[in-house]
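Enquirer: Just to be clear, the model below is a prediction. Sequence and coordinates:
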Amino acid sequence: MITDIDEQAIDVMVALSRLSPRQRAVLVLFYLEDRTTKQIAQTLAMSPATVSVHLHRARRELRTILGDEDD
């Protein structure tokens, strides 16, 4: 039997799979690995500003995909 939490986790996993690889990488490193934008920039060979843009766009895209338009 699938619980509400299981369904939510599946929804999030599906939503993450719809992000670009860079957006997904930035989100994982920021939220799951607890890395700073500077650390992520070094890891992914991009500027901290670019990391911030990917993070912002990924959050916005997840809100859209998951149907949470409340800002």
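Expert: Happy to help now that I have it. Just so we're clear, the structure is a prediction, and the values are computed from it rather than from any experiment. Residues are numbered from 1 along each chain as shown.

Enquirer: measure R60 to L66 for me?
Expert: 11 Å (Cβ to Cβ, to the nearest Å). For every residue, glycine as well, the C-beta is placed using N, CA and C.

Enquirer: same check, this time on M13
Expert: 11 Å.

Enquirer: So for these two, which sits in the more crowded spot?
Expert: Neighbour count, other Cβ atoms under 10 Å: between M13 and L66, L66 has more, with 13 against 9.

Enquirer: Secondary structure element for the spatially most central residue of the chain, which one?
Expert: In the chain, the centroid-proximal residue (Cα atoms, centre = their mean) is L27; its distance is 3.4 Å. Assigned by DSSP states H and E, L27 belongs to helix 21-27.

Enquirer: Packing partners of the helix or strand just after that helix?
Expert: Downstream of helix 21-27, the next assigned helix or strand under DSSP H and E is helix 37-44. Counting by 3 or more Cβ pairs under 8 Å, 6 or more residues apart in numbering; DSSP states H and E, the packing neighbours recorded for helix 37-44 are helix 21-27, helix 48-66.

Enquirer: would TSV of these with distance to D34 be doable?
Expert: Formatted as TSV, these follow (distance: least, Cβ to Cβ, whole Å):
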stretch	distance to D34
helix 21-27	12
helix 48-66	14
